[in-house]
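Trainee: Mind looking at a prediction? Sequence and model below.
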Amino acid sequence: YLVAHKTRQFVKVALTGDGGDEVFGGYNKYYMGKLNTKYTSLVPEAIHGFIKKSTFPFLSTKDDKRGKRFKAKRLLNALNYEGDFYYNIVSLAFQAEEVDALLKNSWRKENTFRHYKSIVGDNNRSLTDFRNIDKIMSLEGDMLVKVDRTSMLTSLESRAPFLNKKIWDFTAQLPEDYLMKGWNKKYLLKESFKKYFPDGFLDKSKKGFGVPVGDWLRGHLAPELKSYIEPNFLESQNIFNPAEIRGIVERHLTGKEDNTFRVWTFFCFQKWYKETYMAL
């Protein structure tokens, strides 16, 4: 919103970079297919379970820094022997088995991603599959929504040239190593435009555009968050297993471990439940 507000002081229409990573293969998570195939071919599933259990305590973090330990834990948790590894990597908060532990029996659902699988298919292992999942899940349900709402709130028209349908259709027909050549992401895009940038510029690492949600939840949002785990409120909902959800929230509030994504997901649901569902 602040970026859009400042931009609107100078122009009425702005171009955004939305879709560049999805169209040309620019996310680290797109390595997941190669990593999952390699790992599961070398490590038996039973041993993988032992590795997860023994290493997770060393990979836990107390702050929302999203550094190497955070990424290693996320990768290890996403590895999957049944083919759902990409859905695991995009599930920033809870994996399927974690959701089952949090919810009462009557609220558990089989195959949460059934809608997306019905569009993309069930056995998603290629870069094209991952990009198609992101197109209908991350772009339509998250990225574009935020940009559209915040830009229109300041009366700024935003346009995403990378999301031209002809460009998407063109890259969908290319061999995958045109997009991700080895470990080089967005290979075609960078090769096409490297003459316009200083040497080495396009090899710089990606910088995320994040906000300190974890700190907010421990700070000015803490009173509201605590109200959502009050015993009487949780009992009246009859949705969550109180001990499980209170443990996750309280460990975050006390700084014992960083549960930013989990607690934020819970916070947003509870806020919607209290302000919208209960008002019906």
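Mentor: Good, I have the coordinates.
Trainee: need the strands for the stretch 51-200 of the chain, in chain order.
Mentor: Shown for the stretch 51-200 of the chain, the strands assigned by DSSP state E, counting those that start in this stretch span residues 157-159.
Trainee: all helices in it, in order from the N-terminus.
Mentor: 68-78, 85-90, 96-102, 114-120, 127-134, 144-153, 165-172, 187-193 (DSSP state H, counting those that start in this stretch).
Trainee: so which of those comes closest to F269?
Mentor: helix 96-102 (10.8 Å; C-beta to C-beta). For glycine as for every other residue, the C-beta is placed from the backbone atoms N, C-alpha and C.
Trainee: quick one on the thing from earlier: among the helices of the stretch 51-200 of the chain, single out whichever gets nearest to V43.
Mentor: So among those, helix 68-78 is nearest, using C-beta to C-beta, at 10.7 Å.
Trainee: how many other residues sit next to the residue nearest to K194 when sequence neighbours are not counted?
Mentor: Once flanking residues are discounted, K194 sits nearest to L202: 5.7 Å by C-beta to C-beta, 6 or more residues apart in numbering. Counted by other C-beta atoms under 10 Å, the residues lying close to L202 total 15.
Trainee: what about L202, distance to F193?
Mentor: Going from L202 to F193 by C-beta to C-beta, to the nearest Å gives 8 Å.
Trainee: thought K186 was touching Y27?
Mentor: No - contact between K186 and Y27 fails when scored by C-beta atoms under 8 Å: they sit 9.4 Å apart.
Trainee: Need the residues touching each of the two.
Mentor: Listed as contacting both K186 and Y27 by C-beta atoms under 8 Å, 6 or more residues apart in numbering are D21.
Trainee: now the helices of the stretch 51-200 of the chain as TSV including distance to K206 and mean neighbour count?
Mentor: Listed next are those as TSV, based on distance: least, C-beta to C-beta, whole Å; neighbours: other C-beta atoms under 10 Å:
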stretch	distance to K206	mean neighbour count
helix 68-78	12	16
helix 85-90	16	20
helix 96-102	27	14
helix 114-120	25	14
helix 127-134	15	20
helix 144-153	18	14
helix 165-172	19	12
helix 187-193	12	16
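Trainee: of those, which approaches V3 most closely?
Mentor: Of those, nearest to V3 by C-beta to C-beta is helix 144-153, at 8.0 Å.
Trainee: and the closest one, what other elements does it pack with?
Mentor: helix 2-8, strand 157-159 (3 or more C-beta pairs under 8 Å, 6 or more residues apart in numbering; DSSP states H and E).
Trainee: Identify whichever of those lies nearest to Y273.
Mentor: Of the helices and strands packed on helix 144-153, nearest to Y273 by C-beta to C-beta is helix 2-8, at 29.1 Å.
Trainee: Report the next helix or strand after that closest one in sequence order.
Mentor: Helices and strands here follow DSSP states H and E; after helix 2-8, the next one along the chain is strand 13-15.
Trainee: Tell me which residues of that following strand come out buried.
Mentor: Across strand 13-15, burial judged by 16 or more other C-beta atoms under 10 Å covers A14.
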